[in-house]
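Engineer: Sequence and predicted structure below; questions after.
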Amino acid sequence: MKLIIQIPCYNEEETLTSTISSLPKSIEGIDEIETLVIDDGSSDKTADVASWNGINHILKLPRHTGLAGAFRAGLNECLKLGADIIVNTDADNQYSAEDIEKIVKPVLNREADIVIGARPIDDINGFSFFKKILQKLGSFIIRLISSSDVKDAPSGFRAFSAESAMVMNIFDNYTYTMETIIQAKAKGLRIVSVPIRVNPQTRKSRLVRNVFSYVRKSSFTIIRMFIVYRPFRFFACISFMFLIAGFILASRFMYYFFTLGGNGHVQSLILSAIFIITGVQIGLIGVLADLCAINRKLLEDIQLRVKKIEQK
């Protein structure tokens, strides 16, 4: 059983050494532990620091692609290297490396396909009150949309089985955390949350430089992934709202028509017709989007077969 710990890095020469030194050397049930550093177009000596610390594999990306791009490249590289389990952790040593064994165990015991480390949000001193609220709200929305029981959706401390990593397709360029949860549940993968510990903050988050920008980008990602993986449900909800509004206005017109002898309130009838027609059209868009989603699933099945062939 081979475990590869991947560390996406962008200008992390100051924190990478402490992150690497804290990684476990052995885990019960794991035969090999290797480490992969993904240098996401760093302009400092990140790759050199990784080499000095005896990292097994270093993947240097030609340009800065962002966290999601580095994560995606890391998963593909780990699969090529023959990983049975992949753990993703941050280069700023945010997560306690001692808990890697904890998030690996459910995958190792075949109790889960993906394990997400749940941080003690309320106890993290580096998080402002507003950020703690946003973290909890974001996780609640993801649980609602994905029908999962994920406690800490933005957490990047995760373990993947090789099979789950193979079916992951990261579309977003900003972050992978929420997208992978929605995608995994849509594909029938088992997701488990386990409580983890965190280390004192070493630097400010590069992903959440501006709270409002983070909320805007994260909201766009959630909506986009909901459309991609739950298209019929998304458009059906919107269609239902227009249809309900249309029928309410139609009922209003009918009430006044029979009680006042049909005088006036024609505007309600016109607006009702507009709402009902709009609702029907949106519903038809939902059907077409669902057919496109079926085609995407077929293409992903072909992609998975190709990946498995490449693994042999």
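Structural biologist: Perfect, thanks for sending it.

Engineer: where's the residue nearest to residue 51 when sequence neighbours are not counted, which helix or strand?
Structural biologist: Distances taken as CB to CB, 6 or more residues apart in numbering place residue 58 nearest to residue 51, at 6.4 Å, with adjacent residues excluded. All C-beta atoms are positioned from the backbone trio N, CA, C, and that covers glycine. For residue 58, the element it lies in under DSSP states H and E is strand 57-61.

Engineer: Which helix or strand lies directly C-terminal to that strand?
Structural biologist: helix 67-80.

Engineer: Next, the angle from that following helix to strand 57-61.
Structural biologist: 140 degrees (axes from the mean of the first three to the mean of the last three CA atoms, to 10 degrees).

Engineer: what's the burial count for residue 179?
Structural biologist: 23 (other CB atoms under 10 Å).

Engineer: now do residue 150
Structural biologist: When neighbours are counted by other CB under 10 Å, residue 150 registers 23.

Engineer: Find the helix or strand that it is a member of.
Structural biologist: Using DSSP H and E, no helix or strand contains residue 150.

Engineer: about what we covered before: what comes up buried for the strand holding residue 58?
Structural biologist: The neighbour-count check on strand 57-61 (16 or more other CB atoms under 10 Å) flags 57, 58, 59, 61 as buried.

Engineer: how much space between the third one and residue 95?
Structural biologist: Same thing as residue 59. Distance of residue 59 to residue 95, given as CB to CB, to the nearest Å: 20 Å.

Engineer: same deal with the second one?
Structural biologist: For residue 58, the distance to residue 95 (CB to CB) stands at 21 Å.

Engineer: Confidence-wise, which helix or strand of the chain is lowest on average?
Structural biologist: helix 211-229 (a mean of 77; mean pLDDT, DSSP states H and E).

Engineer: how far is the next helix or strand after that helix from where the chain is centred?
Structural biologist: As assigned by DSSP H and E, the chain's next helix or strand after helix 211-229 is helix 231-259. Averaging C-alpha positions (CA atoms, centre = their mean, to the nearest Å) puts helix 231-259 35 Å from its chain's average.

Engineer: same question, stretch 304-312
Structural biologist: The answer for stretch 304-312 is 24 Å, by CA atoms, centre = their mean.

Engineer: now what about that stretch, what contacts it?
Structural biologist: Here stretch 304-312 makes contact (CB atoms under 8 Å, 6 or more residues apart in numbering) with 79, 80, 82, 166, 167.

Engineer: Flag the shaky bits of the chain, pLDDT-wise.
Structural biologist: 202-211, 261-264, 311-312 (pLDDT under 70).

Engineer: Show me where it has its helices.
Structural biologist: All helices of the chain, identified by DSSP state H, fall at 16-21, 46-52, 67-80, 100-108, 129-146, 162-167, 177-186, 211-229, 231-259, 266-311.
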